[in-house]
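1. need a structure here:
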Amino acid sequence: MKIALIGQSAFGKAVLEALADREEHDIVGVFAAPDGGRRREPLATAAEASDIPVWQFKRMRDQKCIDVFRSLDADLCVMAYVTDIVPNEIMDAPNRGTIQYHPSLLPLHRGPSSINWAIIQGDTETGLSIFWPDEGLDTGPILMQKRVDIGPDDSVGSLYFNHLFPMGIEAIIESIDLVADGAAPRVVQEESAATYEGWCGSVDGHIDWTRQTSTVHNLIRGCDPQPGAWSTLNDSQVGVFGSSAGSAANEPAQPGTILEIEDAGMTISTGNGSVKIKRTRVGRGPKLAASENGFTVGDRFS
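-> This next block holds a predicted model:
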């Protein structure tokens, strides 16, 4: 098949390289996100290194982008980590349609921060979906799904890079094979089970230490590494990373109080127990071991 790839970042690059290594299909064009400041977009760099035509439109909805895409006469479009709105004129252009990767078990956690919210909400299982996108947001029929457990201390980073990233590449390649063989399913999503969450941003990462340990722990790891959970101490915003759930303190303490500081981390009281934090960042400073940022036992976060 002639394949057009839309994507960005390390995931888009890895999908392109996996496709190129197999040499079973002709990659007729790549549509990558614009470069970010001084940083070259990884997918665009990989396409250029393989002599594959690449375009970096600011908006996929621009008519010039649509015209370029149509001129490729692709059989299949593959969307690998896409945050822009892709118009129907592009998705419907390939004669075998368009498939897209999404890191959740659709129809659960539709939206742009699906890994964050699965952890924040305390899910113990998630996965990925390869689906046929339509005019809705993550609403098209399912082609394939793969499941993965969420470990008790998994963060967004560990869940994505250790599981959903490599599984996603494999799933896309498997899905392309099914499309090529004419055997790709189209299972309609169950709307009654659908959930949607928007971007997980900095405001969502503010920690309420009066909440239960599980709630605080899930918020911290569900914002790790981005957007970063945070609290305030001595008029400074402090980001916290690398959380593990602890037990109740021997002596009652106000929620948010630093109970212990050691090389392995800093223990902070919650509404019914404590959490241990491995790393902190004061203001815009670097992430350091929690024991290295000058905190004192008895200090209280708010």
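2. only C-alpha atoms from now on, for both contacts and neighbour counts.
-> Will do.
3. flag the shaky bits of the stretch 151-300 of the chain, pLDDT-wise.
-> For the stretch 151-300 of the chain, the stretches with pLDDT under 70 are 249-251.
4. okay, strands next: where are they in it?
-> With DSSP state E, counting those that start in this stretch, the ranges of strands along the stretch 151-300 of the chain come out as 229-233, 236-246, 258-262, 265-269, 274-282, 288-289.
5. in three-state terms, label residue 115 for me.
-> helix (DSSP: H, G, I helix; E, B strand; the rest coil).
6. for residue 103, see how far away it is.
-> Note on residue 115: its distance to residue 103, by C-alpha to C-alpha, to the nearest Å, is 7 Å.
7. the residue nearest in space to the middle of the chain and residue 124, how far apart?
-> For the chain, the residue sitting closest to the mean C-alpha position, by C-alpha atoms, centre = their mean, is residue 115 at 5.3 Å. Here the criterion is C-alpha to C-alpha. By it, residue 115 lies 12 Å from residue 124.
8. again, but for residue 236
-> Counting by C-alpha to C-alpha - residue 236 and residue 124 are separated by 33 Å.
9. and if you look at residue 214?
-> Taking C-alpha to C-alpha, one finds residue 214 at 12 Å from residue 124.
10. could you do residue 284 as well?
-> From residue 284 to residue 124 the distance is 32 Å (C-alpha to C-alpha).
11. if you count what's nearby, which of these two comes out ahead?
-> residue 124 (13 against 10; other C-alpha atoms under 10 Å).
12. next, the more buried one: phi, psi?
-> phi -110, psi 0 (degrees, to the nearest 10).
13. what sits against the nearest residue to it once chain neighbours are set aside?
-> Excluding its sequence neighbours, the residue lying closest to residue 124 (C-alpha to C-alpha, 6 or more residues apart in numbering) is residue 150, at 4.8 Å. Shown in contact with residue 150 (C-alpha atoms under 8 Å, 6 or more residues apart in numbering): 119, 123-126, 159.
14. coming back round to it: got the contact list for the residue nearest to the centre of the chain?
-> 103-104, 156, 160, 222.
15. quick check: the residue nearest to residue 124 vs residue 233, distance?
-> On the measure of C-alpha to C-alpha, residue 150 and residue 233 end up 31 Å apart.
16. neighbours of the closest residue to residue 223 other than its chain neighbours, how many?
-> Sequence neighbours aside, residue 229 is the residue nearest to residue 223 in space, at 5.5 Å (criterion: C-alpha to C-alpha, 6+ apart). Neighbour count of residue 229, defined by other C-alpha under 10 Å: 26.
17. which residues touch residue 229?
-> 202, 204-207, 219-220, 223, 239-241.
18. hmm, 6 Å instead?
-> Going by C-alpha atoms under 6 Å, 6 or more residues apart in numbering, residue 229 touches 205-206, 220, 223, 239-240.
19. which non-adjacent residue is nearest residue 140?
-> Spatial nearest neighbour of residue 140, excluding adjacent residues (C-alpha to C-alpha, 6+ apart): residue 133 at 4.6 Å.
20. surely that neighbour is in contact with residue 143?
-> No: taking C-alpha atoms under 6 Å as the definition, residue 133 is not a contact partner of residue 143, at 10.3 Å.
21. before we move on, which element is residue 19 in?
-> helix 9-22 (DSSP states H and E).
22. list the buried residues of that helix.
-> 9-17, 19-20 (16 or more other C-alpha atoms under 10 Å).
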